[in-house]
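> sequence and predicted structure below; questions after.
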Amino acid sequence: MNKYVEFVSDEDFLECVKHVIDFYLSDEYQEEPLTVLKESKNDIDAIKTIFDITVKQIGFDGWANKEMERQQDKTINNKIGEFHQELLGKVDGWVDLGIGDETEIDLKKEDNTVFIELKNKHNTMNSSSTKTCREKLENVIEQYPDATAYWAYIISRKYRSENRVWKYQGREDEKIRRISGDLLYEMITGDSNALEKVYEAIPKAIVDLLGEDYKLLPYDEKLMKEFQEFIYHN
């Protein structure tokens, strides 16, 4: 019996979790305050910084940590998206297409009947990337007429479950759809609670990889359970 989830091996699950952990613990995510100030990819508001470190009484070290977290948030979201892509690609019958596949799509069913472009959140694409995503799916359907292509997002608006035709600029095709994370996981694994089980399994995997010091405190675990109930059962 698997320790984490039923639809992939424990080894595969730990590998996917470790992919995200490694970024959190990498040198890229730990910078000295002056380095953040002088070499930031984004222009730093020096006046706001003074207010932040004095009024909040966090000092430059505390400020640097918060600023790095803010700047790295997009990259972290990408890593979480990669986590889901790698994990679902390890389910029997499915393939993580990685980078460089001719379809430029993220996931597919081995028999080429389903293709998925996967995002972590419903609102992460701007108009240009939305157009690119749509074109990818249209190209796949043209190449594989019997397939269905999905724009999938793990976090849907208001956590709604949805699997519907993607209407885009007056165009709609029953074979081009948008789907929320919970129904995506259900479609791929056959388990209607698969995404919730991933949520429950991640803290266990983190402790197994990093040690007991990374175990959730009782209060945090209580909040996690309440948030879980809100997302998956509200």
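All right, it came through fine. Values in this document were obtained by computation on a predicted structure and should not be read as measured data.

> how many neighbours does the residue nearest to Thr113 when sequence neighbours are not counted have?
Distances taken as CB to CB, 6 or more residues apart in numbering place Ala147 nearest to Thr113, at 5.3 Å, with adjacent residues excluded. Glycine gets a C-beta too; all of them are placed from N, C-alpha and C. If you count neighbours by other CB atoms under 10 Å, Ala147 ends up with 18.

> so Ala147 makes contact with Lys175?
Yes - under the criterion of CB atoms under 8 Å, Ala147 makes contact with Lys175 at 7.0 Å.

> overlap in contacts of those two?
Ile141 (CB atoms under 8 Å, 6 or more residues apart in numbering).

> contacts only, for Ile155.
Ile155 sits in contact with Asn120, Lys121, His122, Gly181, where contact means CB under 8 Å, 6+ apart.

> next, work out how far apart the last one and Ile50 are.
The reference is to Gly181. 41 Å (CB to CB, to the nearest Å).

> helices and strands of this protein: which one has the lowest mean pLDDT?
helix 33-39 (a mean of 69; mean pLDDT, DSSP states H and E).

> if we can go back for a sec, between Gly181 and Ile50, tell me which one has more neighbours.
Taking other CB under 10 Å, Gly181 and Ile50 do not tie; Gly181 has more neighbours (23 against 11).

> my read is that that one contacts Tyr153, right?
Yes - contact status for Gly181 versus Tyr153: in contact at 6.5 Å, counting by CB under 8 Å.

> residues in contact with Cys133?
Glu117, Met125, Trp151.

> buried ones in the longest helix anywhere in the chain?
The longest helix of the chain (DSSP state H) is helix 59-89. Neighbour-count burial for helix 59-89 flags 60, 63-65, 67-68, 71-72, 77, 79-89 (criterion: 16 or more other CB atoms under 10 Å).

> cool, stretch 98-118 as well?
Buried-residue list, stretch 98-118, by 16+ other CB under 10 Å: Thr103, Ile105, Asp106, Leu107, Lys108, Lys109, Val114, Phe115, Ile116, Glu117, Leu118.

> what does stretch 153-171 give?
For stretch 153-171, by 16+ other CB under 10 Å, it's Tyr153, Ile154, Ile155, Ser156, Trp166, Tyr168.

> pLDDT of it, averaged?
With pLDDT averaged residue by residue, stretch 153-171 scores 94.

> ok now it, how far from the chain's centre?
16 Å (CA atoms, centre = their mean, to the nearest Å).

> remind me which residues of the chain are low pLDDT?
Counting by pLDDT under 70, the chain shows low-confidence ranges at 27-33, 36-37, 39-42.

> please parse this protein into its domains.
7-90, 92-191, 193-234 (automatic domain parsing).

> select, out of those, the one closest to Met1.
domain 7-90 (9.8 Å; CB to CB).
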